[in-house]
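Participant: Starting from these lines, generate the structure:
(one chain, ligands or ions: 2)
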Amino acid sequence: MFRSVARSAAGKHLLRRGYATESVPDRKVAVLGAAGGIGQPLALLMKLNPLVSRLALYDIANTPGVAADVSHINTRSEVEGFVGEDQLGKALEGSDVVIIPAGVPRKPGMTRDDLFNINAGIVKGLCEAIAKYCPHALVNMISNPVNSTVPIAAEVFKKAGTYDEKKLFGVTTLDVVRAKTFYAGKAKVPVADVNVPVVGGHAGITILPLFSQATPSANLPEDVVVALTKRTQDGGTEVVEAKAGKGSATLSMAYAGAIFADACLKGLNGVPDVVECSFVQSTVTELPFFASKVKLGKNGVEEVLGLGPLSDFEKEGLEKLKPELKSSIEKGIKFANQS
Ligand SMILES: NC(=O)C1=CN([C@@H]2O[C@H](COP(=O)(O)OP(=O)(O)OC[C@H]3O[C@@H](n4cnc5c(N)ncnc54)[C@H](O)[C@@H]3O)[C@@H](O)[C@H]2O)C=CC1
Ligand SMILES: O=C([O-])CC(=O)C(=O)O
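Facilitator: Ligands and ions are numbered 1, 2, ... in the order given. Sure, this is the predicted structure:
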């Protein structure tokens, strides 16, 4: 269904911002885990996105309150709250994009992999429901460990016969957001102008920012690049430690998740040249899943872009990350096929 807005004042505003061509299609977005630390601000940001016409907020508790609250905001989308497994099907039906920030966050001293035992089961259950109720939706996986939860989702969809590798994304946008912010600080360039690809995966050394390709280029000395790389890789831990037991990044993650979902919606709507980094099925390296720049289109992934030229330091980082990323991917695949 298409709602023609081109001639209205709102439509002209959308056209100017690149959010519309002739008309803005109706798009339903579902957030699973919508009452959580990420889920609530992400629900707010998706409510502010003019590309969304229906916003479904699902959680196992507390969603009626979040949905009632967000629904009063005078923007385009209709908001509905769903609570408990009985309502999951209704939340998902008709969704174009499903964003998954459901699951437990880290506490100081934990790795993302320490979340596997709880989050693997949560993600598996949610993906089984996606396969049943909205098999064609683009899935944006935020729940950690992303290096394993994305392979779990792929296996669940394969078992259900609905897997389309173009529609499954691990959200690594927060790594890009951090790399841009930290780089701008050191390079003394306006942060809004900065671009830095981040490849690999989403945990520790598997996060590989490519500062040699950062723009505007600043020719930073090697020791600064090494320090920026380490800070980007440890960005999540920096927040976990600062929150001292009260969870991990939520506000910056909601921002990053909203950017990535917006890119997916723009791609679906046919906006050209939408490119974001994401952890997807890939042939860029020998690993079956890998984060790199991805061009988004009407069916999800239009093209997985290559790595481009790497510095010696980045080449070394790439080789170092492969064993850990491989084992996290295999752990996810094994879990999905055993349970
Ligand atoms: N990909 C990334 O860059 C990032 C990922 N994360 C991950 O996001 C996840 C969520 O983090 P927070 O929002 O801070 O946690 P949180 O604990 O504040 O919220 C999680 C929400 O998930 C809900 N939930 C649990 N089981 C569920 C189920 N079966 N169905 C639906 N909802 C369910 C909970 O009720 C809760 O409201 C964690 O795994 C965290 O590690 C966090 C930051 C960045
Ligand atoms: O570090 C964590 O546990 C949460 C996360 O993925 C991030 O902030 O990048």
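
Participant: could you pull out the helices for this protein?
Facilitator: 9-16, 39-47, 63-71, 88-92, 116-133, 146-160, 173-187, 222-233, 235-243, 251-268, 312-338 (DSSP state H).

Participant: Just want the residue of this protein that's nearest ligand 1.
Facilitator: Residue of the chain nearest ligand 1, by Cβ to the nearest ligand atom: residue 36 (2.0 Å). For every residue, glycine as well, the C-beta is placed using N, CA and C.

Participant: Surely that residue touches residue 104?
Facilitator: No. Counting by Cβ atoms under 8 Å, residue 36 stays clear of residue 104, with 9.4 Å between them.

Participant: The two: which is more packed in?
Facilitator: Counted by other Cβ atoms under 10 Å, residue 36 and residue 104 do not tie: residue 36 has more neighbours, with 25 against 17.

Participant: so residue 309 makes contact with residue 212?
Facilitator: Yes. With contact defined as Cβ under 8 Å, residue 309 reaches residue 212; the gap is 7.3 Å.

Participant: between those two, who's got more neighbours?
Facilitator: Taking other Cβ under 10 Å, residue 309 and residue 212 do not tie; residue 212 has more neighbours (18 against 10).

Participant: In space, what's closest to the more buried one - neighbours in sequence excluded?
Facilitator: Counting by Cβ to Cβ, 6 or more residues apart in numbering, residue 311 is the residue found nearest to residue 212 once chain neighbours are left out, at 4.1 Å.

Participant: how about low-confidence regions in the stretch 1-150 of the chain?
Facilitator: Counting by pLDDT under 70, the stretch 1-150 of the chain shows low-confidence ranges at 1-22.

Participant: which parts of it sit against ligand 2?
Facilitator: For the stretch 1-150 of the chain, the contact set with ligand 2 under Cβ under 6 Å from any ligand atom comprises 105-106, 112, 144.

Participant: Recalculate using a threshold of 8 Å.
Facilitator: Residues of the stretch 1-150 of the chain lying close to ligand 2 (Cβ under 8 Å from any ligand atom) are 105-106, 110, 112, 115, 144, 146.

Participant: list the contacts for the residue of the stretch 1-150 of the chain found nearest ligand 2?
Facilitator: Here the stretch 1-150 of the chain gets closest to ligand 2 at one residue, residue 106, 3.8 Å apart by Cβ to the nearest ligand atom. Contact analysis of residue 106 by Cβ atoms under 8 Å, 6 or more residues apart in numbering lists 112, 114-115, 144, 236, 240, 247-248.

Participant: at 10 Å what do you get?
Facilitator: 112-115, 144-145, 236-237, 239-241, 243, 245, 247-249 (Cβ atoms under 10 Å, 6 or more residues apart in numbering).

Participant: who's in contact with residue 249?
Facilitator: Residue 249 makes contacts with 37-38, 105-106, 174, 177-178, 235-236, 238-240, 242-243, 255-256, as judged by Cβ under 10 Å, 6+ apart.

Participant: wait, residue 197 sits on residue 309?
Facilitator: No. Using Cβ atoms under 10 Å as the test, residue 197 is too far from residue 309 to be in contact (11.5 Å).

Participant: which neighbours do the two share?
Facilitator: Contact with both residue 197 and residue 309 is made by residues 210, 212-213, according to Cβ under 10 Å, 6+ apart.

Participant: looking at the contacts of residue 249, which has the most residues close by?
Facilitator: That'd be residue 38 among those, by other Cβ under 10 Å, with 29 neighbours.

Participant: isn't that one right up against residue 140?
Facilitator: No. With contact defined as Cβ under 10 Å, residue 38 does not count as touching residue 140 (11.5 Å).

Participant: No further queries at this time; thank you.
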